[in-house]
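> All I have is the shape, not the residue letters:
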Ligand SMILES: [Zn+2]
Ligand SMILES: [Zn+2]
């Protein structure tokens, strides 16, 4: 039994075979997925993209939120719409939100402002947050600033969150664990050069971790470079389990139980 804690199944790259993608996930034992609901961002009418899939498929849950890439496009009307959508019974988190200093698609000060605004909305909705964080090349700038913002604007709410596609240092992970966050590992943990992520994947307590695909992006070895899909979370499970000296099944079960417990979902 496996859970893909972060995927984008509404993505256009699945339009031609979405049913098959869900069927392959089920066949691989991936019984639970969290569909991320950023859609194409503000002004595109797609904030409900994950909700639509969650309504259609058992075991699929949804988020809503504005990605840092599109922070510069956010308007008060978007915040109102997200607040309404967040009340849906299958919405379990707010995200992905955060900071992306790698692409800098939106100015950094705007990313920070919109991130803080969405933390306030998530707190009102009583939802945990799903964090996207990517620093500039050879830097930890976004992780450092993210943790500071989480301490100032989020930790006090006691709702916790998820650091999705974790790429920080073991120290960043420890600081986030202290703030009540779960650490989620994506396919890039399987890449040979990812020694720091692998070290963290070894150290994080088993009851504080998730695994995810972030599909269609970031396929794990041996699918690296191809379109990723939720079934491939089993490869990340195998890899992380091997690092920790346990079976993939044990890791799959533990991360699935973590998912249901953390998001307060009744099985
Ligand atoms: Zn992301
Ligand atoms: Zn994502």
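Ah, there it is. Nothing here was measured: the structure is a model prediction, and the numbers come from that model. Ligands and ions are numbered 1, 2, ... in the order given.

> and the end-to-end length of stretch 47-65?
7 Å (Cα to Cα, to the nearest Å).

> Could you see whether ligand 1 lies near that stretch?
No. Residues of stretch 47-65 contacting ligand 1 under Cβ under 5 Å from the ion: none, with a closest distance of 10.9 Å. In short, each C-beta sits where N, CA and C put it, glycine included.

> list the buried ones in that stretch?
Using 16 or more other Cβ atoms under 10 Å as the test for burial, stretch 47-65 gives 47-54, 57, 60-65.

> do stretch 126-141 as well
127, 128, 129, 130, 131, 132, 133, 134, 135, 140.

> Show residues contacting the helix or strand containing residue 63.
Using DSSP states H and E, residue 63 maps to strand 60-64. Residues from elsewhere that reach strand 60-64, judged by Cβ atoms under 8 Å, 6 or more residues apart in numbering: 9, 32-37, 47-48, 50-51, 53-54, 82, 85-86, 88, 90-96, 130, 263, 265.

> try stretch 234-246
2, 28-30, 185-187, 189-190, 198, 201-202, 206, 209, 211-213, 220-223, 247-248, 250-252, 255.

> for this protein, which helix is longest?
helix 108-124 (DSSP state H).

> tell me which strands and helices that one is in contact with?
For helix 108-124, the elements it packs on are helix 76-85, strand 91-100, strand 129-134, helix 141-153, judged by 3 or more Cβ pairs under 8 Å, 6 or more residues apart in numbering; DSSP states H and E.

> now those as a markdown table including mean pLDDT and distance to residue 108?
Shown next, in a markdown table, are the helices and strands packed on helix 108-124 (pLDDT from 0 to 100; distance: least, Cβ to Cβ, whole Å):
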| stretch | mean pLDDT | distance to residue 108 |
| --- | --- | --- |
| helix 76-85 | 98 | 20 |
| strand 91-100 | 98 | 7 |
| strand 129-134 | 98 | 12 |
| helix 141-153 | 97 | 8 |
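
> Columns distance to ligand 1 on top of these, output as JSON lines?
What follows is those, written out as JSON lines (distance: least, Cβ to the ion, whole Å):
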{"stretch": "helix 76-85", "distance to ligand 1": "17"}
{"stretch": "strand 91-100", "distance to ligand 1": "5"}
{"stretch": "strand 129-134", "distance to ligand 1": "3"}
{"stretch": "helix 141-153", "distance to ligand 1": "12"}
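
> Let's have these in a markdown table, adding distance to residue 174.
Below are those laid out as a markdown table (distance: least, Cβ to Cβ, whole Å):
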| stretch | distance to residue 174 |
| --- | --- |
| helix 76-85 | 31 |
| strand 91-100 | 19 |
| strand 129-134 | 15 |
| helix 141-153 | 10 |
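
> Just the endpoints, please. Distance across stretch 208-215?
Note: stretch 208-215 ends 22 Å apart using Cα to Cα.

> tell me which residues of that stretch are tucked away?
209, 210, 211, 212, 213, 214, 215.

> PyMOL command for the buried members of the contacts of strand 60-64?
Here is the PyMOL command that selects the buried residues among the contacts of strand 60-64 (16+ other Cβ under 10 Å):
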select buried, resi 9+32+33+34+35+36+37+47+48+50+51+53+54+82+85+86+88+90+91+92+93+94+95+96+130+263
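
> right, and residue 31 touches residue 59 too?
Yes. If you go by Cβ atoms under 8 Å, residue 31 and residue 59 touch, sitting 5.2 Å apart.
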